[in-house]
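>>> how would this look folded up:
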Amino acid sequence: MEQQQLQQPSAAFIAAAWAAFFIGTVAFIIGLWNATMQLNEKGYYFTVLMFGLFAAISLQKAVRDQLEGIPVTNIYYGIAWFSTILSIVLLMVGLWNADLEKSEKGFYAMAFVLSLFAAIAVQKNTRDLKASKASEIV
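Below you'll find the predicted structure:
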């Protein structure tokens, strides 16, 4: 088996990933806080955001584990993909049926996508940092 060179992510990339995560997530939550929708609707969108973040991180981990030769069961891999896609579909269905302006719908969609992407980047950076520190010890 070939030994891969582990490279630590740059400080700029780490900062950009965390900034994107906080900007997307906080903007989404502030948008919900200020929205005139009912509390149950706000709860729906908040739950979809949290579910999406967890699903995206889980998917990133499953994909990365497979690439690194770490065993991942097919059922877990499939559930990770299904959950990520389901969270996006649930947001789309909720926004499609919501009584919101198109600009508000676009705002929630973009903040959601930014949050998911950034969560994946943060998780990747965290894993890369840990791996690079472990390779320095060896």
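
>>> avg pLDDT for the helix or strand harbouring Lys61?
Secondary structure assignment for Lys61, by DSSP states H and E: helix 39-67. Averaging pLDDT along helix 39-67 gives 95.

>>> who's in contact with the closest residue to Ala35 other than its chain neighbours?
Setting aside the residues directly before and after it, Ala35 is nearest to Lys42 in space (C-beta to C-beta, 6 or more residues apart in numbering), at 6.4 Å. No exception for glycine: its C-beta is placed from N, CA and C like everyone else's. When contacts are counted by C-beta atoms under 8 Å, 6 or more residues apart in numbering, Lys42 touches 32-33, 35.

>>> same deal with Ala98?
37, 41, 105.

>>> backbone dihedrals for it, please?
Ala98 has phi and psi values of phi -80, psi 150 when expressed as degrees, to the nearest 10.

>>> do the same with Pro9
Per-residue torsions, Pro9: phi -70, psi 150 (degrees, to the nearest 10).

>>> longest helix of this protein?
Looking across the chain with DSSP state H, the single longest helix is helix 102-137.

>>> mind listing what's buried along that one?
Within helix 102-137, the residues scored as buried using 16 or more other C-beta atoms under 10 Å are 104-105, 107-108, 111-112, 114-116, 118-125, 127-128.

>>> now the buried members of the contacts of Lys42.
Among those, the ones that count as buried by 16+ other C-beta under 10 Å are Leu32.

>>> tell me how far Phe51 lies from Thr84.
Separation of Phe51 from Thr84 (C-beta to C-beta, to the nearest Å): 9 Å.

>>> who's more crowded, these two?
Thr84 (22 against 16; other C-beta atoms under 10 Å).

>>> pLDDT value on the more buried one, please?
On the pLDDT scale, Thr84 gets 96.
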